[in-house]
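Student: This is a predicted model, with the sequence first.
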Amino acid sequence: MKQRAQTATDPEAKASPEALAYALSRLAEPAEVLAFLRDLCTPAELEAMADRWRVVPLLVKGIPYREIHDLTQVSVTTIGRVARTLEYGSGGYAAALRAQRADITESH
């Protein structure tokens, strides 16, 4: 990922991921989020994020990397990165999975 040099005295640059997260959190409908992501990301970036998200539930189920690759065509390298993030990341994947499962449970 491209990293910009930033000084500790640049609060606007430091807050930009938080501002992006806030903007996403304010969107009420999945269609609005998708429209925002399509405006924000290149098609390749959006596809890469979708690929990462697609393998998360498979990893949580304990499916082997090679089988996930065969099912999704996502590279084993990407699958490994997602697995490391699931284990050592900030917990975002797990939070999103919980929210998604809660939505599914509520709709049934």
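Tutor: In hand now; what should we look at?
Student: in this protein, which helix has the most residues?
Tutor: When the chain is parsed with DSSP state H, its longest helix is helix 43-60.
Student: Quickly note the distance from Ala23 to Leu86.
Tutor: Distance of Ala23 to Leu86, given as C-beta to C-beta, to the nearest Å: 25 Å. Backbone N, C-alpha and C define where each C-beta goes, glycine included.
Student: more neighbours, these two?
Tutor: Set Ala23 next to Leu86 and count neighbours by other C-beta atoms under 10 Å: Leu86 wins out with 17 against 12.
Student: Next secondary structure element downstream of the helix or strand bottoming out on mean pLDDT in the chain?
Tutor: Ranked by mean pLDDT, DSSP states H and E, the weakest helix or strand in the chain is helix 11-25, scoring a mean of 84. Downstream of helix 11-25, the next assigned helix or strand under DSSP states H and E is helix 30-40.
Student: quick one: low-confidence parts of the protein?
Tutor: 1-15, 108 (pLDDT under 70).
Student: Kindly recompute the last result at 90.
Tutor: Within the chain, the ranges that satisfy pLDDT under 90 run 1-15, 100-108.
Student: which parts of the longest helix of the chain are buried?
Tutor: Neighbour-count burial for helix 43-60, counted by 16 or more other C-beta atoms under 10 Å, picks out Asp51, Arg52, Val55, Val56, Leu58, Leu59.
Student: The helix or strand just after it versus helix 43-60: what angle between them?
Tutor: Counting by DSSP H and E, the next helix or strand C-terminal to helix 43-60 is helix 65-72. Helix 65-72 runs at 130 degrees relative to helix 43-60, counting by axes from the mean of the first three to the mean of the last three C-alpha atoms, to 10 degrees.
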